[in-house]
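Q: Have a look at this fold, sequence not included:
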Ligand SMILES: C[S@@+](CC[C@H](N)C(=O)[O-])C[C@H]1O[C@@H](n2cnc3c(N)ncnc32)[C@H](O)[C@@H]1O
């Protein structure tokens, strides 16, 4: 499996539960190759992946809406944006900077421009910045992004990405965030906690990746503790929620006995102090 395929899969999951994800545009990315992969994932790993990813989207959508209502004319910087469509769900005065690998961004930009032209998407202010987090230095990333911010309030999103990165690259990204943001700005981040490593469902996920491994696109399997977020220089951890808990809020009709039966990600919000 290549990393860009994971972006297609997550987006397709969101389209399966529009009422929960609140993303009516996710389905624009649906394609037969991705849809053919999903039944085997659901059968071999977990049947809850689509609803959990929709819940994750909903959580950040609500937080983004709230932030940009209070901070009109702010900027969303989406690190590892994949096929996220928040920019079209938020007010038109929000600018979005989409950051990902170049090939994903070229593909996304092209499609989005056509859909806007054909009236399938509303007009938005969007910048596309190709960055490989593994190979770009801290300074290179800051130099590319900083001139685009112009003292505006910044919400940085790092959703569905940390699993694939090393701790060194993760620390580099959080140092970058510290340089880009000012007091009151927010980071939204997602990761697994280490206790998931001993669960059967997580072992099935890793097996799936190993057996569908593409040697040209290797990646890590990172988990992070809550303490990691509590100790980030210059930031206060304001809240964290797990998807098991959010399931009761956004999809109470779905019952799961234990948080250890699902790929239960934790969603964090940090504020620059
Ligand atoms: C599972 S997708 C999540 C996409 C999106 N954030 C979402 O939640 O729908 C992971 C994304 O992270 C990006 N990514 C992973 N490693 C990266 C790296 N080293 N540099 C830049 N982007 C990376 C991938 O290209 C992909 O778009």
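A: Cool, got the structure. This is a predicted model, so every value here is computed, not measured. Residues are numbered from 1 along each chain as shown.
Q: in which helix or strand would I find the closest residue to the ligand within the stretch 101-250 of the chain?
A: Closest residue of the stretch 101-250 of the chain to the ligand, C-beta to the nearest ligand atom: residue 160 (3.3 Å). C-betas here are computed from N, CA, C, even on glycine. Using DSSP states H and E, residue 160 sits within no helix or strand.
Q: separation between it and residue 222?
A: Counting by C-beta to C-beta, to the nearest Å, the gap from residue 160 to residue 222 is 12 Å.
Q: Who has more neighbours out of the two?
A: Per other C-beta atoms under 10 Å, whichever of residue 160 and residue 222 has more neighbours is residue 160, with 21 against 17.
Q: my read: the more buried one touches residue 6, true?
A: Yes: counting by C-beta atoms under 8 Å, residue 160 does reach residue 6; the two are 7.4 Å apart.
Q: What residues does the residue minimising distance to the centre of the chain make contact with?
A: Taking C-alpha atoms, centre = their mean, the centroid of the chain lies closest to residue 159, which sits 2.0 Å from it. If a contact means C-beta atoms under 8 Å, 6 or more residues apart in numbering, then residue 159 has 56, 60, 78, 80, 84, 188-190 as its contacts.
Q: List the buried residues of whichever strand or helix holds residue 106.
A: Taking DSSP H and E as the definition, residue 106 sits inside helix 102-117. For helix 102-117, the neighbour count (16 or more other C-beta atoms under 10 Å) marks 104-105, 108, 112 as buried.
Q: neighbouring contacts of it?
A: 4, 7, 28-29, 81-83, 98-100, 121-124, 126, 128-130, 132.
Q: If any of these are buried, put those into a ChimeraX selection.
A: Per 16+ other C-beta under 10 Å, the buried members of those correspond to this ChimeraX selection:
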select :4,7,28,29,81,82,83,98,99,100,121,124,126,128,129,130
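Q: Sitting in strands, which of the contacts of helix 102-117 do you find?
A: 98-100, 126, 128-130 (DSSP state E).
Q: The closest residue to the ligand within the chain and residue 104, how far apart?
A: The ligand sits closest to residue 82 of the chain, with a gap of 2.5 Å, by C-beta to the nearest ligand atom. Distance from residue 82 to residue 104, counting by C-beta to C-beta: 7 Å.
Q: Now for these two: what residues contact both?
A: With C-beta under 8 Å, 6+ apart as the test, residue 82 and residue 104 both reach 4, 7.
Q: The ones in strands among the contacts of helix 102-117: which ones sit near the ligand?
A: Filtering the ones in strands among the contacts of helix 102-117 for neighbours of the ligand using C-beta under 6 Å from any ligand atom leaves residue 100.
Q: Residue numbers of this protein in contact with the ligand?
A: Neighbours of the ligand within the chain, by C-beta under 6 Å from any ligand atom: 3-4, 6-7, 10-11, 80-82, 84, 100-101, 104, 131-134, 159-161, 164.
Q: same thing but at 5 Å, please
A: Within the chain, the positions near the ligand by C-beta under 5 Å from any ligand atom are 3, 6-7, 10, 80, 82, 84, 100-101, 104, 132-134, 159-161, 164.
Q: How many residues are close by residue 150?
A: If you count neighbours by other C-beta under 10 Å, residue 150 ends up with 9.
Q: thinking again about what came up before, of all pairs in the buried residues of helix 102-117, which one is the farthest apart?
A: Taking C-beta to C-beta, the two most distant members of the buried residues of helix 102-117 are 104 and 112; they sit 12.0 Å apart.
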